[in-house]
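Trainee: below are the sequence and a predicted model for it; my questions follow.
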Amino acid sequence: MIYTCPMHPEIEQDKPGDCPKCGMHLEPKAAHGGEEDNKEARILARKFWVGLILALPVFLLALGEMIPALNLKAFIPSSLSRWLQFIFATPVVLWAGSIFFVKAWGSILNKSLNMFTLIAMGVGAAYGFSAIAIIFPNIFPESLKQHGEIGLYFEAAAVITVLVLMGQLLEAKARSRTGQAIKALLGLAAKVAHRIRDGKEEDIAIDKIQKGDLLRVRPGEKVPLDGIITEGKSTIDESMISGEPVPVAKIEGDRVIGATVNQTGAFVMKTEKIGSETLLSQIVKMVADAQRSRAPIQKLADQVSGYFVPAVLGCAVITFIVWSIFGPAPALAYALVSAISVLIIACPCALGLATPMSIMVGVGKGAQSGILIKNAEAIEKCEKITHILTDKTGTLTAGKPQVTVAITTNGWDEKSLLGIAASIEQSSEHPLARSVVDYAKDKGYELASVDGFQSITGGGVKGKVNGKAVLLGKQKFIEDNGVALPEELKKKSCGLQEKAETVIWVAVDGKIAGILGISDPIKKTTPDAIRALHKMGLKVVILTGDNENTAKAIAKELGITDVYAGLEPKGKQEIVKKLRSEGAKVMMAGDGINDAPALAEADVGVAMGTGTDVAIESAGVTLVKGDLNGIVKALRLSREVMRNIRQNLFFAFIYNALGVPIAAGILYPFLGLLLNPMIAGAAMSFSSVSVIGNSLRLRNMKL
């Protein structure tokens, strides 16, 4: 288990502890749903409640001395009251508040002054001054005495300690809530599976399942792991990964995802992915990594925090000196109170939490809606996007193309053409290849083995089938390999392309055998998504390796004016680079290996979850469902998260800009108002809680 800091993700260690930079409690880097997540909250809760019980009498005793009308001296003499305050305040400060002093000392050793430095100095000064006044009252000059006694600040030290503990407790609970998206996903995983072996069925723990095991899934049960249906059919609720409540029909040969819920039918599945390979595990890892990452806007808060603590210490010193010289009698008492108030109220916790809290909540919210964000930088960049560049197959279209027609040349018939085409396509990862193989199998055509298979990215495939050299792919790919194309077949090819069909050419031993027309229908959700993107003021551009006629037919139907067709991976990357050089902020969406360079080149790459692993690795955002509506949601999410961060930073900056001067006593000459350290402590805690509360609002936003 690796532990890291919520505010400084670069801090990592293999055991629990405190961050050497900010003093915050380190948390497990990956959510695991164990008891350790609540350990900090339990410790803080115990210290808070004990501290509250002991601080209450200290506060009441001090209140009795400050308000003569209560006449507490009639029951408790002043000398006894002062000692009781000391007795009750000591465990509050030295036991309940010990964590602040430990963290403050660590900040000094690490030369990284932080919020705990200020808290420890403020509370320590109030308690230390009062303790010395009780034990050695004669060492103080008469100028500090009122009615023959030194003023005590035990109530300030005790109450401030309790208030800061309360703020830390609320923060700990709030931070644990930001990980609920991950914990909810972890909780969805099945614990037991029904394994079929040698004709017998047995219940076995999930972690004992191996790849290739056959598992039976009954109605109402969770799908144990990722795999493929080998027998039966059903409908499955995949809302936990897609965010869509409509069940998805599954038949033999379809893939199923672990932790989704089987509904109507029973089926047998073959396990393909286990452990960290499963989609659920990948989602958890991606979300955890993203929640720990830092947005560029965080640099502003870091720069301010770097100068903030020394500036506050300087302000406290100046405040003490000014009050000591110009303050009313007893001047030193006023000076001490004001300096302590400055140290307490200026806690930079709210400033440090402003960005990471919003990121953590926003990333968790995205995960619940099927939007997986690789890092915080992607969120910030999404907000500034001006151009959406999208691949066609599997992005705009369903990604489940079907062979609609096979046109052969002399000497070939459909069976022989499809048999040889499907044989060589067996080894290709492209969606079009799968459609050819599936069509041939459905027809009952026999497939042969392939020798010397080669895939030319952006062109086609080649190899030997039954000793014959086969080329299959785009028209240009066939021509580049020296094969002559019949004019009649070219005309038929153009006719198919004008109907938005993709044409695959097949050549055997240097001569054209025929063409295959493949139709990939537009996804039902694509038109609405394109309209929503246009409404958001974004330019939508199609980049595709398909031919120009097919691409333009799709674009016309969707109302897209900018189309680049016949592109190889490098071509897509060059267009992304060109637009960026012109000042555009580019988001590229794709799902194939051929899209990976463009995804990596774009400001933000968006991978369809239905696509290849290399596309997903190259992207900043992954849409589990592989739907363009996910881009609309991702953009809305980024805008809301960035707005939330700016609100948090405003709260933190304005709070300190107003709070520190008031604590220093700037209003005293005009209104006679001087901030009590207890009120400063309450205000400091409120600032952190307000930032956390504002961040948690993101959990309720509608995407």
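Mentor: In hand now; what should we look at?
Trainee: what sits closest to residue 214 if chain neighbours are left out?
Mentor: In space, residue 214 comes closest to residue 196 once its chain neighbours are excluded; the distance is 4.4 Å by CB to CB, 6 or more residues apart in numbering. Placement of C-beta: from N, CA and C, glycine included.
Trainee: sorry, slip of the keys, the one I care about is residue 576.
Mentor: residue 601 (4.4 Å).
Trainee: residue contacts, that neighbour?
Mentor: 573, 576, 577, 580, 588 (CB atoms under 8 Å, 6 or more residues apart in numbering).
Trainee: PyMOL command to pick out the buried ones of the residues you listed?
Mentor: Buried subset of the contacts of residue 601, written as a PyMOL selection, criterion 16 or more other CB atoms under 10 Å:
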select buried, resi 573+576+588
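Trainee: JSON lines please, covering the contacts of residue 601 and showing secondary structure and distance to residue 659.
Mentor: As requested, the contacts of residue 601 are exported to JSON lines (DSSP: H, G, I helix; E, B strand; the rest coil; distance: CB to CB, whole Å):
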{"residue": "573", "secondary structure": "helix", "distance to residue 659": "51"}
{"residue": "576", "secondary structure": "helix", "distance to residue 659": "47"}
{"residue": "577", "secondary structure": "helix", "distance to residue 659": "48"}
{"residue": "580", "secondary structure": "helix", "distance to residue 659": "43"}
{"residue": "588", "secondary structure": "strand", "distance to residue 659": "45"}
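Trainee: tell me the one of the contacts of residue 601 nearest residue 444?
Mentor: Of all the contacts of residue 601, residue 444 sits closest to residue 588, with 40.6 Å by CB to CB.
Trainee: surely residue 60 is within a helix?
Mentor: Yes - residue state for residue 60 (DSSP: H, G, I helix; E, B strand; the rest coil) corresponds to a helix.
Trainee: and it, what pLDDT?
Mentor: Note on residue 60: pLDDT of 85.
Trainee: could you tell me how far stretch 329-338 lies from the centre of the chain?
Mentor: Taking CA atoms, centre = their mean, to the nearest Å, the mean C-alpha location of stretch 329-338 is offset from the chain mean by 49 Å.
Trainee: now it - C-alpha only, PDB.
Mentor: The C-alpha trace of stretch 329-338 is given here as PDB (Å, rounded to 0.1, in the frame of the first residue of the first chain):
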ATOM      1  CA  ALA A 329      -3.200  49.600  28.700                       C
ATOM      2  CA  PRO A 330      -2.500  46.800  29.300                       C
ATOM      3  CA  ALA A 331      -0.700  47.100  25.900                       C
ATOM      4  CA  LEU A 332       1.200  43.800  26.100                       C
ATOM      5  CA  ALA A 333      -2.000  41.900  26.700                       C
ATOM      6  CA  TYR A 334      -3.700  43.500  23.700                       C
ATOM      7  CA  ALA A 335      -0.500  42.800  21.600                       C
ATOM      8  CA  LEU A 336      -0.500  39.200  22.600                       C
ATOM      9  CA  VAL A 337      -4.200  38.700  21.800                       C
ATOM     10  CA  SER A 338      -4.000  40.400  18.400                       C
END
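Trainee: list the buried ones in that stretch?
Mentor: Buried residues in stretch 329-338, counted by 16+ other CB under 10 Å: 330, 331, 332, 333, 334, 335, 336, 337, 338.
Trainee: and what of stretch 82-98?
Mentor: Neighbour-count burial for stretch 82-98 flags 82, 85, 86, 88, 89, 90, 91, 92, 93, 96, 97 (criterion: 16+ other CB under 10 Å).
Trainee: got a list of what the fourth one touches?
Mentor: Read that as residue 88. So residue 88 contacts 54, 55, 57, 58, 154, 158 (CB under 8 Å, 6+ apart).
Trainee: what strand or helix carries the nearest residue to residue 500 once chain neighbours are set aside?
Mentor: Spatial nearest neighbour of residue 500, chain neighbours left out: residue 553 (3.7 Å); criterion: CB to CB, 6+ apart. Using DSSP states H and E, the element containing residue 553 is helix 548-558.
Trainee: what helices and strands are in contact with the next helix or strand after that helix?
Mentor: Scanning forward in sequence from helix 548-558 by DSSP H and E, the next helix or strand is strand 562-564. Using 3 or more CB pairs under 8 Å, 6 or more residues apart in numbering; DSSP states H and E, the elements in contact with strand 562-564 are strand 539-543, helix 548-558, helix 569-581.
Trainee: ranking those by burial, who's on top?
Mentor: Each of those was scored by mean neighbour count; the highest is strand 539-543, a mean of 22, by mean count of other CB atoms under 10 Å.
Trainee: mind giving me the packing neighbours of it?
Mentor: So strand 539-543, by 3+ CB pairs under 8 Å, 6+ apart, packs with strand 387-390, helix 526-535, helix 548-558, strand 562-564, helix 569-581.
Trainee: list the contacts of it.
Mentor: By CB under 8 Å, 6+ apart, the residues outside strand 539-543 that reach it are 386-392, 396, 530, 533-534, 551, 554-555, 560, 562-565, 567, 571-572, 575, 584, 588, 598.
Trainee: before we move on, what about stretch 659-670?
Mentor: Stretch 659-670 is contacted by residues 312, 315, 318-319, 323, 334, 338, 341-342, 344-346, 673-675, 680, 683-684, 687 when judged by CB under 8 Å, 6+ apart.
Trainee: 10 Å instead?
Mentor: 308, 311-312, 315-316, 318-320, 322-323, 326-328, 334-335, 337-347, 673-677, 679-680, 683-684, 687 (CB atoms under 10 Å, 6 or more residues apart in numbering).
Trainee: which of these are buried?
Mentor: With burial judged by 16+ other CB under 10 Å, the buried subset of those is 308, 312, 315-316, 319-320, 322-323, 327, 334-335, 337-347, 674-677, 679-680, 683-684, 687.
Trainee: residue 102 falls within a helix, correct?
Mentor: Yes - applying three-state DSSP, one finds residue 102 inside a helix.
Trainee: I'd say it and residue 108 touch.
Mentor: No - counting by CB atoms under 10 Å, residue 102 stays clear of residue 108, with 11.2 Å between them.
Trainee: now do the shared contacts for the two.
Mentor: residue 120.
Trainee: how about the nearest residue to residue 45, chain neighbours excluded?
Mentor: residue 169 (5.8 Å).
Trainee: neighbours of that neighbour, how many?
Mentor: Neighbour count for residue 169, taken as other CB atoms under 10 Å: 21.
Trainee: would it count as being in a helix?
Mentor: Yes - Residue 169 sits within a helix when classified using three-state DSSP.
Trainee: show the pLDDT at it.
Mentor: For residue 169, the pLDDT comes out at 78.
Trainee: contacts only, for it.
Mentor: So, once contact is read as CB under 10 Å, 6+ apart, residue 169 ends up touching 40, 41, 42, 43, 44, 45, 46, 47, 48, 49, 685.
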